[in-house]
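Undergrad: okay, predicted coordinates and the sequence, questions at the end:
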Amino acid sequence: MARYTGPKTKIARKFGEAIYGEDKSFEKRNFPPGQHGNARRRGKKSEYAMQLQEKQKAKYTYGILEKQFRNLFKKASASSGITGEILLQLCESRLDNIVYRMGVSPSRNGARQFVSHRHITVNGEIVSIPSYQVKEGDVIGVREKSKSLIAIQNSLANNSSVYEWLNFNIDTMTGTFVKTPERIQIPENINEQFIVELYSK
């Protein structure tokens, strides 16, 4: 299963923000990577460069490769509504992202692994496809045999995030995807309009 497996701090430094969550290495060196780092003088970025950076940031944030991301954009374009907002909603509706938002894993990469290793169920059935699109009303849970996993228990114990569009019961380790989040409810710092402009060229 293809996914980015390179150094995460380097990517976070490239975008100037900890897109993979808390990162002590990033906090120590929150300047661009490379031999000259902060000393390098950078001119004003072109419009294309800014658009490309936002697309790359979104892809790395959600752990999606180019072909998948482009397909999501096509799906968003074909839907009625604001294309950029729908694109982010489709990213948020991915099963691996929902598992991450519920606090079952402290990272999207970890959530992807839980899904692909058959630890997660949707409406009582095991689903092992991280890109599975969760629908409103779907019940996502941790498989009965997997509830005792230390990694899951530790993650839930340290999770304090609450989202209006997700109901989660820590006792049963199940959550309901109440509704598709509105743009204002999605916390990611992504300028989706730049992505739309890039793909529309």
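TA: That came in fine, so what should we check first? Numbers count the residues shown, from 1 in each chain.
Undergrad: need the three-state assignment for the closest residue to residue 104 other than its chain neighbours.
TA: In space, and not counting its chain neighbours, residue 104 is closest to residue 152: 5.7 Å by Cβ to Cβ, 6 or more residues apart in numbering. Heads up, the C-betas are built off the backbone N, CA and C, glycines and all. Using DSSP: H, G, I helix; E, B strand; the rest coil, the structure places residue 152 in helix.
Undergrad: separation between residue 152 and residue 119?
TA: Going from residue 152 to residue 119 by Cβ to Cβ, to the nearest Å gives 8 Å.
Undergrad: ok, the two, which is more surrounded?
TA: residue 119 (23 against 20; other Cβ atoms under 10 Å).
Undergrad: what touches both of residue 152 and residue 119?
TA: Here residue 152 and residue 119 have 142, 146 as joint contacts, going by Cβ atoms under 8 Å, 6 or more residues apart in numbering.
Undergrad: helices along the chain, start to end?
TA: 8-15, 24-28, 47-62, 66-78, 83-92, 95-101, 108-116, 150-157, 192-199 (DSSP state H).
Undergrad: so which of those is nearest residue 175?
TA: Distance to residue 175, taken as Cβ to Cβ, is lowest for helix 95-101 among those, at 7.5 Å.
Undergrad: and the closest one, what does it pack against?
TA: helix 83-92, helix 108-116, strand 120-122, strand 139-142 (3 or more Cβ pairs under 8 Å, 6 or more residues apart in numbering; DSSP states H and E).
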